[in-house]
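> From the sequence below, what's the structure:
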Amino acid sequence: MNFIDKINFLLAKKKIRKTIYKTEIDCTDMGIANFLLFKKYAKVYKEDAVLSMHLSKIHKALERGASSVLVYREILDKDLLYLIDLGIKKGVDPVEIFRKYVPFKELGEETETSLKKKLYVPIIMFLLAVAGIYYTLDNFIVMAESGKIPFSEKSVFIMNNFLLINSVIGGISIYFFLIKPSVLPGVKGIFNKIRSMMLLAIIQTMSNMNSGTREILDSIKKQFSTSKTKKQRRRFSDDTQALLYFLKKEEYLTLLQSGYLEISVERGEFSRGIEHVLMEKKQEIADSRGIVDEVISKISLFLLLPPLLMVLVIFLDLMEASSIGMTGNMSGNIPR
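Numbers count the residues shown, from 1 in each chain. This is a model prediction of the structure:
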């Protein structure tokens, strides 16, 4: 695959994934082999050359008898590939994973993508504001240098270093907003809810495949943060208690959800408890979508404060200089 093909593949990857999800479910509902449906869809999407080509490749590989894990390994994420592989080993039809796990995965990915896109808004507003203000200040710098307006040293410093100061602020903001958005106050909680839902969805899927609690715990520790329990050497009466401790300590559950799950375990209803908490997390994410715009507005205002405050300082300095000039003129016009 050459460079251009790789770029085209990356751009079409999301569409290919969604087509795989749909095809795997549709072929079971229709009662036909998955490779036959991939062959059909490759023709249906012939106008989309990249999508059609990859669907055709999948069709040919599956028709030769290749494992779906091997066929999908360059397209699907590791968590989904792991569950499919585990399901095959346990005799579970992969379509059950596509039906039950993928909807949660898609919700999480769509919410995260939408949030990341909206975080571009404060950055764009900041850059436009800085560019506009800097263009305006350019005229004031000329006046300050010519002595036409007696700006204070503070204002002169701000004007001469306005671009540098805001470039530093912009660079830091771009890093946190676009590269590390999950640590930003306000949106950090939403990212945590997404991770929690994904983790619980994996636990539910593995539990439905009759995986043991130790197997589940070992699996999620490899895929999710263990920063708060990594160095813990606490002993537990059984693996289920160890799992509950992990979920609570790593803050993947609220206190109420943790309590509900503990009661479910005591009653021998672990799977039912996980399903209940998972649906709560799903609803939390749906509710959080409504407050995202409000959070973004507050972040935008916060980011615009530094350049606006600098302008305010210069404006007040200009007003003061004008006031002194007017007073001087009035004094000069008083008759002796």
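> Only the C-alpha atoms, please, for stretch 188-207, written as PDB.
Output of stretch 188-207 as PDB, limited to C-alpha atoms (Å, rounded to 0.1, in the frame of the first residue of the first chain):
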ATOM      1  CA  LYS A 188     -12.800  15.800  31.700                       C
ATOM      2  CA  GLY A 189     -15.900  14.300  33.400                       C
ATOM      3  CA  ILE A 190     -17.500  13.600  30.000                       C
ATOM      4  CA  PHE A 191     -14.400  11.700  28.800                       C
ATOM      5  CA  ASN A 192     -14.400   9.700  32.100                       C
ATOM      6  CA  LYS A 193     -18.000   8.800  31.500                       C
ATOM      7  CA  ILE A 194     -17.200   7.500  28.000                       C
ATOM      8  CA  ARG A 195     -14.300   5.400  29.300                       C
ATOM      9  CA  SER A 196     -16.500   4.100  32.100                       C
ATOM     10  CA  MET A 197     -19.200   3.000  29.700                       C
ATOM     11  CA  MET A 198     -16.700   1.300  27.400                       C
ATOM     12  CA  LEU A 199     -15.200  -0.600  30.300                       C
ATOM     13  CA  LEU A 200     -18.600  -1.700  31.600                       C
ATOM     14  CA  ALA A 201     -19.600  -2.700  28.000                       C
ATOM     15  CA  ILE A 202     -16.500  -5.000  27.800                       C
ATOM     16  CA  ILE A 203     -17.300  -6.500  31.200                       C
ATOM     17  CA  GLN A 204     -20.900  -7.200  30.200                       C
ATOM     18  CA  THR A 205     -19.800  -8.700  26.900                       C
ATOM     19  CA  MET A 206     -17.200 -11.000  28.500                       C
ATOM     20  CA  SER A 207     -19.600 -11.900  31.300                       C
END
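> next one: it to chain centre, how far?
Remark: stretch 188-207 is offset 14 Å from the chain centroid, using CA atoms, centre = their mean, to the nearest Å.
> Check which residues of that stretch are buried.
190-207 (16 or more other CB atoms under 10 Å). No exception for glycine: its C-beta is placed from N, CA and C like everyone else's.
> Same question for stretch 52-71.
Ser52, Met53, His54, Leu55, Ser56, Ile58, His59, Ala61, Leu62, Ser68, Val69, Val71.
> now stretch 275-282
Quick answer for stretch 275-282 (16+ other CB under 10 Å): Glu275, Val277, Leu278, Glu280, Lys281, Lys282.
> Now name the helix or strand holding the residue nearest to Pro94 when sequence neighbours are not counted.
What sits nearest to Pro94 in space, not counting adjacent residues and going by CB to CB, 6 or more residues apart in numbering, is Ile84, at 4.9 Å. Here Ile84 is covered by helix 78-89, with elements defined by DSSP states H and E.
> For the top helix by length along the chain, which helices and strands make contact with it?
In the chain, taking DSSP state H as the definition, the longest helix is helix 292-332. With contacts taken as 3 or more CB pairs under 8 Å, 6 or more residues apart in numbering; DSSP states H and E, helix 292-332 sits against helix 102-118, helix 120-146, helix 153-174.
> Report all helices and strands that the last one contacts.
Packed against helix 153-174, as judged by 3+ CB pairs under 8 Å, 6+ apart, are the following elements: helix 120-146, helix 292-332.
> for the second one, same thing?
Judged by 3+ CB pairs under 8 Å, 6+ apart, the packing partners of helix 120-146 are helix 153-174, helix 292-332.
> quick one: contacts for Glu63?
Contacts were defined as CB atoms under 8 Å, 6 or more residues apart in numbering; by that measure Glu63 touches Phe35, Lys39.
> picking up where we left off before, so for Tyr252, which of the helices and strands packed on helix 292-332 sits nearest?
When these are compared by CB to CB, helix 102-118 sits nearest Tyr252, at 13.3 Å.
> What average pLDDT does that closest one get?
Across helix 102-118, pLDDT averages out at 90.
> Based on its surroundings, how many neighbours for Gly212?
For Gly212, the count of nearby residues is 12 (other CB atoms under 10 Å).
> Over to Glu96?
By the criterion of other CB under 10 Å, Glu96 has 16 neighbours.
> Just to check, it is in contact with Gly87?
Yes: judged on CB atoms under 8 Å, Glu96 makes contact with Gly87 at a distance of 7.0 Å.
> hang on, the earlier thing: mind listing what's buried in the helix holding Ile84?
Asp79, Leu80, Leu81, Tyr82, Leu83, Ile84, Asp85, Leu86, Gly87.
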